[in-house]
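In: Could you look at this predicted model? Sequence included:
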Number of protein chains: 2
Amino acid sequence: MTLPQASLYELWYWPTIQGRGEFVRLSLEYAGLSYVDMARRSDEEGGGEEALVRSLKRTDTTYVPFAPPYLVSNDFVIGQTANILLFLGSRHGLAPEDEAGWHWVHQLQLTIADFVVEAHDTHHPLGVGQYYEDQKQAAQRRSEEFRASRVDKYLGYFEGVLKRNKDGDGVYGSELTYADLSLFQVVEGMHYAFPRLMQQKRAKYPKLQRIREIVAASPRVAAYLKSERRISFNEEGIFRHYDELDAPA
Amino acid sequence: MTLPQASLYELWYWPTIQGRGEFVRLSLEYAGLSYVDMARRSDEEGGGEEALVRSLKRTDTTYVPFAPPYLVSNDFVIGQTANILLFLGSRHGLAPEDEAGWHWVHQLQLTIADFVVEAHDTHHPLGVGQYYEDQKQAAQRRSEEFRASRVDKYLGYFEGVLKRNKDGDGVYGSELTYADLSLFQVVEGMHYAFPRLMQQKRAKYPKLQRIREIVAASPRVAAYLKSERRISFNEEGIFRHYDELDAPA
């Protein structure tokens, strides 16, 4: 991976998954910001998972994060995905400037975060300390409820938000915000993890499909998605494809 | 319940539980703000659960919340607990004024929110659509991991945050913030839900116990806790006491 010489931001996140870090990566990429994905560097350059874990014990700041992702700039160490997006969004034009809109987009991001937890817990209902293979039965029960009622509750809500915005394609006003980038990621992730379910539901959510296409086609994101910087979905991240958790064939 | 005539804020939340609404109530009370807990009014006054559910379909605003709690002021409808606290904190002196501190306290609040989800999921690992009684076995497995590793991971983190702040008793600077009020609520809730576990761990977290005492003794919160406005912990909320989920006797 070729790294920029002078980077504005350091992103610290697990190097082999999209996970929560992907919401941050998408904002950095869409805004064309210079950053280094620190743990994706080689071991010699100070990257790797161990370096990430070590970095969480940093003593050069008051603001020690609980978990990745976190972002380092000249004057900041900042953790929690939605908090990072709030920061980047305000600084780099990915959030509305009016107070009501600014809080509204943050509210939507936090609701996306709730959905992400529920999507994750379909495969880990009994806790992150046990392998999927050791909680498969519980995962099937949890997934049934998720498919039957939670997915429509959330996606229906976001579809309604998009529909009510008469000024543009995104959630608010005429410009895309970080919440739109996050919605792209959620729809992508859901199609990866639950392809049959999402195929069935596709026609119900035209606005969400549209925002997915718009984000994917935006020049910087399109370039990012084709690059090696975009890690593929896999069965270590949040959105995992386990055929037995998807809708019956 | 006697209601103030002219209230600054409307709080909309479930009327019979502390739940996530309690984090908002504590900030409103600590700051001495005038508010009406809308769904706790009588049916004649427009209160009750049905009124709350109806209110979520409101059409007088762009900013329709996904779920309670949400807050209404003259110029705002604002949802998501951490977002409401960010708003109240900034307006009413419960958040630091410097940008780094302001983001830091929000980061901590979001980490508290993550812990609250995990505490909730000990009794509902298979989803909110099924009764506790129908997922007791799964709840016991999830609780075991929660007690064995998650509680110390989170409480140890917060204890470290409090320890590193040399300027005061709370998480940041010399004044209490909304995150300190939330830590009070978390420690209270944990003692209610897991009394034996927390008795064993008590000595490990002196700073958390101290912030709990300081918040409880602050005049407005002390008055609130004695009032009928404070709903008791119960088995409908986030922190529920099920003896079989607590540490073995």
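Out: That came through fine. From a predicted model like this one, the values you see are computed outputs, not experimental measurements. Numbering: from 1, shown residues only, chains lettered A, B, ... in the order given.

In: Going by residue numbers, what spans are strands in chain A?
Out: A:9-12, A:35-37, A:70-72, A:77-79 (DSSP state E).

In: Mean pLDDT and mean neighbour count added to these, as JSON lines?
Out: Bear in mind the C-beta positions are built from the backbone N, C-alpha and C, glycine included. Shown next, in JSON lines, are those (pLDDT from 0 to 100; neighbours: other C-beta atoms under 10 Å in any protein chain shown):
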{"stretch": "strand A:9-12", "mean pLDDT": "96", "mean neighbour count": "20"}
{"stretch": "strand A:35-37", "mean pLDDT": "96", "mean neighbour count": "21"}
{"stretch": "strand A:70-72", "mean pLDDT": "96", "mean neighbour count": "25"}
{"stretch": "strand A:77-79", "mean pLDDT": "95", "mean neighbour count": "23"}
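
In: Let me know which of the ones you listed is the nearest to residue A:105.
Out: The closest of those to residue A:105 is strand A:77-79. By C-beta to C-beta, the value is 17.4 Å.

In: How far away from the center of its chain is that closest one?
Out: From the chain centre to the centre of strand A:77-79 is a distance of 16 Å (C-alpha atoms, centre = their mean, to the nearest Å).

In: just stretch A:126-146 next, same as before
Out: Using C-alpha atoms, centre = their mean, the offset of stretch A:126-146 from its chain centre is 21 Å.

In: and if you look at stretch A:33-43?
Out: Centroid displacement of stretch A:33-43 relative to its chain, using C-alpha atoms, centre = their mean, is 18 Å.

In: ok, back up a step: I'd like to know which of the strands of chain A lies nearest to chain B.
Out: strand A:77-79 (5.1 Å; C-beta to the nearest C-beta).

In: Most distant residue from the centre of chain A?
Out: Distance from the C-alpha centroid of chain A, by C-alpha atoms, centre = their mean, peaks at residue A:44 (28.3 Å).

In: hmm, back to that, pipe the strands of chain A into CSV and attach distance to chain B per row.
Out: As requested, the strands of chain A are exported to CSV (distance: least, C-beta to the nearest C-beta, whole Å):
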stretch, distance to chain B
strand A:9-12, 14
strand A:35-37, 18
strand A:70-72, 9
strand A:77-79, 5
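
In: Quick one: closest of these to residue A:226.
Out: Comparing these by C-beta to C-beta, strand A:35-37 comes nearest, at 16.4 Å.

In: Ok, which of the strands of chain A comes nearest residue B:94?
Out: Ranking the strands of chain A by proximity to residue B:94 (C-beta to C-beta) places strand A:77-79 first, at 19.8 Å.

In: OK, contacts around residue A:38?
Out: Applying C-beta atoms under 8 Å, 6 or more residues apart in numbering or on different chains to residue A:38 gives the contacts A:10, A:11, A:12, A:46, A:47, A:51, A:52, A:55.

In: where's the closest residue to residue A:238 other than its chain neighbours relative to residue A:205, distance?
Out: In space, and not counting its chain neighbours, residue A:238 is closest to residue A:120: 4.7 Å by C-beta to C-beta, 6 or more residues apart in numbering or on different chains. Applying C-beta to C-beta, to the nearest Å, the value for residue A:120 to residue A:205 is 21 Å.

In: And residue A:47, by the same measure?
Out: 38 Å.

In: Would you pull up how far stretch A:200-213 lies from the middle of the chain?
Out: The answer for stretch A:200-213 is 18 Å, by C-alpha atoms, centre = their mean.

In: do it and chain B meet at all?
Out: No: residues of stretch A:200-213 contacting chain B under C-beta under 8 Å from any C-beta of the partner chain: none, with a closest distance of 14.9 Å.

In: can you list contacts of that stretch?
Out: Counting by C-beta under 8 Å, 6+ apart, residues outside stretch A:200-213 touching it are A:151-152, A:155-156, A:158-159, A:162-163, A:169-170, A:180, A:183-184, A:187-188, A:247.
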